[in-house]
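> Sequence plus the predicted model coming up.
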Amino acid sequence: MFDIFWRGIAMGIGATILMDIWAIVLFQALGQAPANWAPVGRWFWHLGRGKVFHDSIANAEPYRHELALGWIGHYATGIIYGLALAAITGPSWLAAPTFLPAWILGIVTVGAGWFLLQPGLGIGWAASKTPNPNKVRALNLIAHTVFAIGLYGTALLIA
């Protein structure tokens, strides 16, 4: 059991790091603005006080350490997803990882962003209130595929 636990944590951290590296590559190569984790931190802060959905997170009461909380929430979420993959697939997959389960989880987790985080931030279901929702959706799918590659790659490294 402990083996599944530490492997899940490692996979979540490794996948989140790869996702962050991907964001840096997009910024350097294409000028795509990197994620700003401060609004997410503000959302987590208000979530802890019972408020899930905001018209605009920018109008919500600020929290002094929201950027740090956003980064912590980003990595904690990645770890939770890594733990979920380890628990769902079990020891046999961890001994001989394959990409498909990691990719399925990666794509499924897009739903948390589209149907919880983004409406919570006030940018609509699946980024519907953004200037270019289809671009945001495509970037979300690609980023979560990169996350899945990170889950799989980390699982291979520690198998």
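Happy to help now that I have it. Numbers count the residues shown, from 1 in each chain.
> How far off centre is stretch 123-139?
Distance, stretch centre to chain centre, for stretch 123-139: 16 Å (Cα atoms, centre = their mean, to the nearest Å).
> Use 14 as the first number for this chain going forward.
Will do, 14 is the new start, and the previous item becomes stretch 136-152.
> Isn't Arg20 up against Leu98?
No: counting by Cβ atoms under 8 Å, Arg20 stays clear of Leu98, with 9.2 Å between them. C-beta: built from backbone N, CA, C; applies to glycine.
> For those two, work out which one has more neighbours and name it.
Comparing Arg20 with Leu98 by other Cβ atoms under 10 Å, the one with more neighbours is Leu98, at 29 against 21.
> The closest residue to the more buried one other than its chain neighbours: neighbouring residues, count only.
Spatial nearest neighbour of Leu98, excluding adjacent residues (Cβ to Cβ, 6 or more residues apart in numbering): Leu118 at 5.1 Å. Residues near Leu118, counting by other Cβ under 10 Å, number 21.
> and Leu118, what does it touch?
Residues near Leu118 by Cβ atoms under 8 Å, 6 or more residues apart in numbering: Tyr94, Ala97, Leu98, Ile101, Ala161, Leu164.
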